[in-house]
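[1] Sequence first, then the predicted structure:
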Amino acid sequence: MTRGDRLLIAALACLALVAWPLASAVAGGRAGQVVMSTAEGETVVPLSVDATYEVQGTAGIVTVEVHDGTVRVVRSDCPDHTCVRTGAVSTAGSVIACVPNGVVLRVGGEGGDGLDARIR
Amino acid sequence: MGSTLASARRGVSVGMSRELTVTAGLLAVACVLGLLEAALPGIPFAPWLRLGFANIAVVVALAVSGGRMALAVSLGRVVIVGVAAGTLGSPVFVIGGAGALASLAVMWALSRVGDAFSPVGWSAAGAAAHMLAQFLAASAVLGSWGILTLAPVSMLLALPLGALTGALARTIVSRLRIC
């Protein structure tokens, strides 16, 4: 490992650390809703209501479960099941993606209650 | 005169067949490492994160020969694993291909700037580029920018994994006389 390697790795790590909150802020929004985007468009559902949704993906059906303020993919017609293994997410900005199905689930979302920001 | 030409030709063809053999061997290693890794269970909460051991073969190709051999190993692997996994032409294939190409471009550029960077640095930066390109490609394919929120944390995790695979590749290059 050369000096150049160490500097390069440190610089890239700093870049990623700076980009982290920025990326979350851009896509963030408020928690409390789940934006389900598919090839056809976006559907927004509340995170506070326990329910199961059958989302039509490009490779089959993705079964999404909202339970206790968390969202997860229970079942999916895709080969690798990365979406299922991601498990349950609940914080704003969290993402579950099923790439073969073209389905992205995101906690948060724009609009919402009409406030620009909320300080707790 | 004639015999000189013949031996010169033979010299060229021996060099080319050796390069072809090494490329084929590294390509086979890359495919096996990639398929083995795909069979491992992912990490909970980050199942999209891979160790990237197939990149060892690409880094070795870059170190012993150069960009051309590394490109053959990298693209060859993406296509062969795509055929084997049945994902050829699917979104997964496009995203993986974008990552592989971006990673190779960065590693090749770093390998060209002299002795400032070793395979450890090439591989770490290549892994970060792989992640960034994958998430950009995934955003384009899925038509949703939300997935980019995962990019910074993935890049951060990719750096030590890339450095590890780079160190393994460097060890292989220094222990084996491949070319």
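    Here it is on my side, so go on. Numbers count the residues shown, from 1 in each chain, chains lettered A, B, ... in the order given.
[2] burial of B:A158, as a residue count?
    As a burial measure, the neighbour count of B:A158 was computed by other C-beta atoms under 10 Å in any protein chain shown and equals 28. All C-beta atoms are positioned from the backbone trio N, CA, C, and that covers glycine.
[3] Give me the pLDDT for it.
    Confidence per residue is given as pLDDT, and for B:A158 that number is 94.
[4] One more: A:A27?
    Reading off the model, A:A27 has pLDDT 60.
[5] Report the contact partners of B:A30.
    For B:A30, the residues meeting the contact criterion (C-beta atoms under 8 Å, 6 or more residues apart in numbering or on different chains) are B:A54, B:I56, B:A57, B:V58, B:V73, B:S74, B:G76, B:R77.
[6] Tell me which of those residues fall in helices.
    The members of the contacts of B:A30 that map onto helices under DSSP state H are B:I56, B:A57, B:V58, B:V73, B:S74, B:G76, B:R77.
[7] so what's the residue of chain B found nearest chain A up against?
    Of chain B, the residue with the smallest distance to chain A, taken as C-beta to the nearest C-beta, is B:G121 at 3.3 Å. Listed by C-beta under 8 Å, 6+ apart, the contact set of B:G121 reads A:M1, A:T2, A:G4, A:D5, A:L8, A:I9, B:L110, B:A163, B:G166.
[8] hmm, 6 Å instead?
    Contacts of B:G121 were listed using C-beta atoms under 6 Å, 6 or more residues apart in numbering or on different chains, and they are A:D5, A:L8.
[9] Would stretch B:82-95 count as contacting chain A?
    Yes - in terms of C-beta under 6 Å from any C-beta of the partner chain, part of stretch B:82-95 sits within range of chain A, namely B:P91, B:V92.
[10] Just the terminal-to-terminal distance for that stretch.
    From its first residue to its last, stretch B:82-95 covers 11 Å (C-alpha to C-alpha, to the nearest Å).
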